[in-house]
Structure formats: structure tokens, C-alpha cells
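# Model the following, please.
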Amino acid sequence: MSSLLASRTTRVFAGLAPLLLFSACAGGSSGRTGGNSGTGTGGSTTGQGGTGQTGGTSGTGGAATGSGGTTGSGGVTGTGGTSSGGVTGSGGSASGGSTGTGGQAGSAGGAAGSGSGFTPFVCPSGMSTPSASAIPAGSSATKINGAPPLDAFNNTGNNFTNVEGPVWIGDALYFSEMVTSPNPPPARILKIDSSDTVTAFYPSGGGGDSGSNGMAVDGSGNLVTANHGVGGIVSYAVPAANKTTIIDSYMGKRFNSPNDLTIRNDGTIYFTDPGFQAPSPMPQPNTGVYMVPPGSSPTATEILSSLSNPNGITLSLDQKTLYVGHGGGVYSYAVNTDGSIGTTATHVDAANLDNNATDGMAIDCAGDLYIVRVNTHDVDVVSFGGSPGGAGTHLATIANVPGGGQLTNLAFGGADHKTLYITVQGAGSTQRGVFKLAMPIPGMPY
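Down below sits the predicted model:
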């Protein structure tokens with residue numbers, strides 16, 4: 001998630017090379033991606049992490065007859081897992097005759113089921129290697145009209161604003177828009193439904209202040225924001241938009257300017273804290289990366305303190321690697337079982353990313369990493385060949401986003417998660433906004 005930069009450039013498209021699928025996204029804890037299987041036992045369902053790369057199997061149903069039981073509450077957390085996790089298994093019906101269905105295969109294990117009715121995205125199994133022609137050379141991203149709306153918040157489009165933090169939840173995309181001053185700047189959260197209709201999510205009137213920058217979705221379907229407004233992490237229930245502050249201080253002071261975040265299957269939150277939208281003087285002595293464990297009264301741990309203005313952040317599909325972007329590229333770190341990270345930083349795609357400021361990131365169901373490059377106004381796509389902890393190799397460049405604004409972040413969404421949404425900061429009706437591009441394979445929702 002960038003500092004507020006504006007520039008104009010001519011973009012060319014270097015069509016996507018084939019995106020190699022090294023295994024189905026339903027592999028178990030020892031594979032790239034996990035699966036979980038539910039077992040309906042007359043009603044309740046228990047998710048279980050799959051093993052190997054073949055994914056979890058369907059659960060067996062409840063008994064054909066009997067007194068029945070209550071509807072299953074969802075699978076427990078599987079081994080490994082992505083930030084999205086597996087789908088909740090549904091148990092037998094209360095009348096007892098129907099067959100309970102097992103949880104679907106999850107991406108490296110599954111997130112815990114919830115009673116919210118939310119179904120986390122799961123990478124489909126059995127994907128074949130897509131053809132390079134799935135995105136014809138020269139295809140261009142399309143701007144979504146009215147995203148953001150031209151109104152009093154951005155002075156009818158005349159003022160520069162930063163559009164950020166796209167995340168797909170349920171059947172809609174949510175994103176942040178923030179103005180440039182004062183610091184911390186006012187922000188709002190907007191929503192784009194499946195028909196590309198744009199409405200205000202928070203505040204409901206469309207003005208400020210949500211205080212949001214980067215955003216993610218947790219296992220219960222809540223919208224979780226890196227929030228420069230309160231200087232912490234703030235969650236919004238969907239669709240009610242009820243606001244809950246998860247954490248807002250470290251060593252007795254607010255964080256500088258929480259910018260981007262990613263959430264592990266067990267609920268652990270990782271977020272970056274640069275100084276881009278921080279009040280002056282900056283509350284924390286350095287810009288860092290933090291880990292927040294799940295729980296009702298969490299305490300943050302600073303896991304990186306040496307990076308200057310860390311920015312984009314995400315986890316690999318198997319949740320064993322944390323990617324962190326900054327002003328000079330992207331580093332990867334091994335994630336330990338307790339959520340802490342290793343001390344060795346691996347340079348990701350050094351030939352294309354080192355000495356290049358980076359912003360938001362997304363990941364597809366093949367484990368390929370999509371990284372916004374600030375200096376070159378494009379997206380670098382990196383493949384890891386089944387080893388997400390490695391340096392990776394350049395796979396493709398996406399540079400065909402018209403309008404001349406600065407790309408900031410990206411996420412996969414749509415009914416099949418095969419639409420890449422790209423946010424762009426700037427001014428005017430054509431430069432700034434949310435753009436979409438059809439992709440050959442699905443990806444994760446933020």
C-alpha cells in the first residue's frame with residue numbers, strides 16, 4: 001500500500017506466460033495447499049486437515065434414519081492453510097434423514113468454520129495448466145465506472161486520492177479511498193457488487209472516516225483493516241459494518257500508520273507499519289512489521305524492525321512463507337509453527353524487484369505472487385516452482401492498466417475468483433479507480 005504518489009506513464013502489456021500449476025490447490029499439509037474433509041455424524045461435522053497433494057475427501061453422511069442432530073458448526077482448523085482456509089462442512093439435518101456433506105478441499109488445510117454463514121474461498125482442485133492465450137496479447141484492464149464515485153469526498157474527482165486495499169468478500173469487492181491530508185488522512189470504504197454497482201460501505205453516507213488503508217477478510221467473513229485512523233487494526237462486520245478495534249497500541253503508543261495486512265488460518269494477523277500516513281512526530285521509533293495473535297486481548301510483537309517503510313505483505317498458500325515488500329523490493333521469510341518468522345531474508349525475483357519500490361501483493365491458486373511495482377507502474381508476476389520459500393523466477397508482467405495513475409494494490413474476485421482487481425491512485429475521472437482484468441486461473445481474495 002503506497003505512499004501517495006502520482007505520475008503518468010504509457011503502459012504496454014507483456015502478455016502472461018503460462019502460469020504453471022505444480023499441484024492442485026487441494027493438497028494437504030505436506031503439499032502446496034491443503035484440504036480438509038468433514039465427516040457428518042448424524043449432524044455435526046468436523047473438518048480435518050488433508051495430507052498429501054490430493055486434497056481431503058468428501059465426508060460421509062449422517063445416518064439414513066434416526067433422531068437427527070443439530071446442523072454441523074463447521075470444520076476445525078486444518079494443518080497449514082492459507083488466509084482463506086477451507087469451506088465449512090454441513091452436517092446432517094435436524095430431522096435426521098439427510099446425508100451430511102464433508103468440507104470441501106481447503107488451501108493447505110482450512111480455516112475454522114463459523115456460524116456467520118460466510119464461506120471462505122477455496123482454491124479448486126484439478127486445475128490444469130492454463131494456456132498463455134487465455135489472456136490475449138494486448139488485452140487491457142477495464143475501469144469500473146463510479147469506483148470511486150465523484151462526490152464531495154474527492155471534490156467531484158478534482159482532488160488527488162489514494163485508492164487502496166481491495167478485498168473480495170462474499171459476492172462483492174471492498175476497497176479504501178483516502179485523501180492526502182491531514183495525517184492521518186480521512187478515508188472511506190466503498191463496495192462494488194457483482195454487477196459493478198458502487199455503494200458506500202463505511203461510513204454509510206460515503207464521507208470519512210473509516211481510517212482504512214489495506215484490508216483483508218478473516219475466517220468469519222469480517223472485513224479487517226490496517227487502520228491509520230486509530231493507528232491499529234480495526235474489524236468491520238459484513239454487512240452490518242459494526243466496528244471493532246482489535247489492537248491500537250504498542251509499548252503504550254499508537255502504531256505509526258498501519259498499511260497492509262494478511263491473516264493466517266489460526267487468526268494470527270501480520271501487518272506493516274510504515275510512516276506514510278503517520279501523525280507527526282511519528283509515534284513509534286522505527287517503521288516495522290508486527291504479529292498479532294488471535295484472542296480477546298491480543299498483544300503485538302514486532303517481528304521486523306530493520307525495513308524502511310515496509311509496505312505490501314502476504315502469506316504463501318501453504319502459510320509457511322511470509323512475503324514483505326518495501327522500497328527496495330520484496331523479501332520472503334520462513335514462518336515458524338508459533339507464527340514467528342526466521343531471521344533469513346530471501347530476495348524475491350531480485351533481477352526485477354531489487355531497487356524497485358513495491359506496493360500491494362496478491363497470490364493465485366498456483367502460488368504465483370503478483371507484486372505492484374511503483375517505479376514502473378506495472379505488476380510483476382513471480383513463480384516459485386513449488387518452493388514458495390525460494391527466490392522465485394519472473395513469470396510475466398501486467399502493465400496494461402490505462403489512465404496513467406499509480407497502481408497500488410490488487411486482489412482476485414468475482415464468482416469464480418478469476419477476475420484480477422487492480423486499484424489505482426490519482427486524480428480525475430479516468431486516472432484513479434478500480435480496474436478489472438480477466439485471468440486464466442483463480443486467486444486469493446486479497
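# For residue 330, list each beta-bridge partner.
Note on residue 330: beta-bridge partners residue 325, judged by DSSP bridges.
# check contacts around it.
By Cβ atoms under 8 Å, 6 or more residues apart in numbering, the contact set of residue 330 is 312, 323-324, 347-349, 353, 358, 361, 369, 371. Every C-beta, even on glycine, is put in place using the N, C-alpha and C of the backbone.
# Could you tell me which of those residues belong to strands?
323-324, 347, 358, 361, 369, 371 (DSSP state E).
# coming back round to it: just the buried members of the contacts of residue 330?
Neighbour-count burial (16 or more other Cβ atoms under 10 Å) applied to the contacts of residue 330 gives 312, 323-324, 348-349, 353, 358, 361, 369, 371.
# So for residue 416, what's the nearest residue that isn't a sequence neighbour?
Spatial nearest neighbour of residue 416, excluding adjacent residues (Cβ to Cβ, 6 or more residues apart in numbering): residue 442 at 6.0 Å.
# Was I right to think the one you found contacts residue 415?
No. If you go by Cβ atoms under 8 Å, residue 442 and residue 415 don't touch, sitting 10.1 Å apart.
# Show me which of these two is the more surrounded one.
residue 442 (23 against 9; other Cβ atoms under 10 Å).
# can you tell me how far that one sits from residue 427?
Distance check for residue 442 against residue 427: by Cβ to Cβ, to the nearest Å, it reads 33 Å.
# Excluding chain neighbours, what is closest to residue 289?
Distances taken as Cβ to Cβ, 6+ apart place residue 304 nearest to residue 289, at 3.8 Å, with adjacent residues excluded.
# Repeat that for residue 415.
In space, residue 415 comes closest to residue 194 once its chain neighbours are excluded; the distance is 6.8 Å by Cβ to Cβ, 6+ apart.
# follow-up on the earlier one: tell me the contacts of the residue nearest to residue 416?
The neighbours of residue 442, taking Cβ under 8 Å, 6+ apart as the test, are 123-124, 364-365, 412, 416-418.
# rerun at 10 Å
For residue 442, the contacting residues are 25, 121-124, 127, 364-366, 412-414, 416-420, by Cβ atoms under 10 Å, 6 or more residues apart in numbering.
# returning to what we had before: could you dump the contacts of residue 330 into CSV and include distance to residue 331?
Formatted as CSV, those follow (distance: Cβ to Cβ, whole Å):
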residue, distance to residue 331
312, 11
323, 7
324, 5
347, 6
348, 7
349, 11
353, 10
358, 10
361, 12
369, 12
371, 12
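# Export those to TSV and append columns for pLDDT and distance to residue 161.
Shown next, in TSV, are the contacts of residue 330 (pLDDT from 0 to 100; distance: Cβ to Cβ, whole Å):
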residue	pLDDT	distance to residue 161
312	98	19
323	98	27
324	98	26
347	97	33
348	98	30
349	97	30
353	97	27
358	97	21
361	98	22
369	95	27
371	97	23
